[in-house]
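Trainee: Here's my sequence, what's the structure:
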Amino acid sequence: MFELIKSGGIMMFPLILSSVIAVAIIIERFMSLRVGKVVPAEDIERARKLAGSSKLQDAQVDELRNSSLMGRVLATGLESRELPRHIMKENVEEAGRHAVQELERYLPALGTVVTIAPMMGLLGTVLGMIGVFSAINAAGVGNPQQMAGGISEALITTVAGLLIAIITLVFERYFKAKVDGYVATMEREALRLIEIANSNRKTMPAMPAGAAARPAPAVAASTAQQRPAPAAGTPPARGGRPA
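Mentor: Next comes the predicted model:
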């Protein structure tokens, strides 16, 4: 293996370094993008129960926020459940953008490895061919060993660059698809949480009217106060008896 790397020339060292970086990122993303760490089902159920509860404690929201990325987004929605729906939705969307950045961490680095690995392999090919033509220029075509060494250097770096790029590209696309699935789940659960919070807000009893409102006076008393007294000498109404 060492002889193969040595025969690949100087460009094998940056290719090995890029492959080590890619392997480290792949392992880290496998550990970080687990379902139980991003969108655990128990956090979703807990958030739904808290959204439908009339009493919400800060400790419950903090526990949900620290449990997972999904819990962080849903906790933001729970904190904003007393606000209007559009403000609550904006807060949840902002938390979701931060969660997406967390999910896509180091994926641009994988994309960089995918891009530069074939280019470094091509550069190794060019350097190998330069060595071949330099050997031909110095000793002619009578030394096939030097020519074979240059061609071998060119082929090894090309194969190494393409192999690193292909493997890294497979994992990069896999992680991007996984992130897209998580984002769709977060959006769906966040909208459901908003609807539950709004429904719970509508079903809460309305506040009683102000206690300062005074009852209307009795109709009979008001009528008696407003009826004028009869003048002296006025005949009684029809059907009545004289005093």
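Trainee: and stretch 179-188, which residues are buried?
Mentor: Of the residues in stretch 179-188, those buried by neighbour count under the rule 16 or more other CB atoms under 10 Å are 179, 182-183, 186. No exception for glycine: its C-beta is placed from N, CA and C like everyone else's.
Trainee: Ok, stretch 55-74 next?
Mentor: By 16+ other CB under 10 Å, the buried positions in stretch 55-74 come out as 60-61, 64-65, 67-74.
Trainee: Wait, residue 128 touches residue 159, no?
Mentor: No - counting by CB atoms under 8 Å, no contact exists between residue 128 and residue 159, whose distance comes to 11.8 Å.
Trainee: model confidence over the host helix or strand of residue 43, on average?
Mentor: Secondary structure from DSSP states H and E places residue 43 in helix 41-51. Summarised as a single mean, pLDDT over helix 41-51 is 87.
Trainee: swap in stretch 98-115?
Mentor: Mean pLDDT, computed over stretch 98-115, is 93.
Trainee: Tell me which residues are up against it.
Mentor: Contacts made with stretch 98-115 from outside it, assessed by CB atoms under 8 Å, 6 or more residues apart in numbering, are listed as 18-19, 21-22, 25-26, 28-29, 32-33, 38, 69-70, 72-73, 164-165, 168-169, 171-172, 175-176, 179, 182-183, 186.
Trainee: quick one: it to chain centroid distance?
Mentor: Between the mean C-alpha location of stretch 98-115 and the chain-wide mean there is a distance of 13 Å, by CA atoms, centre = their mean, to the nearest Å.
Trainee: mind listing what's buried in that stretch?
Mentor: Using 16+ other CB under 10 Å as the test for burial, stretch 98-115 gives 99-100, 103, 106-107, 109-110, 113-114.
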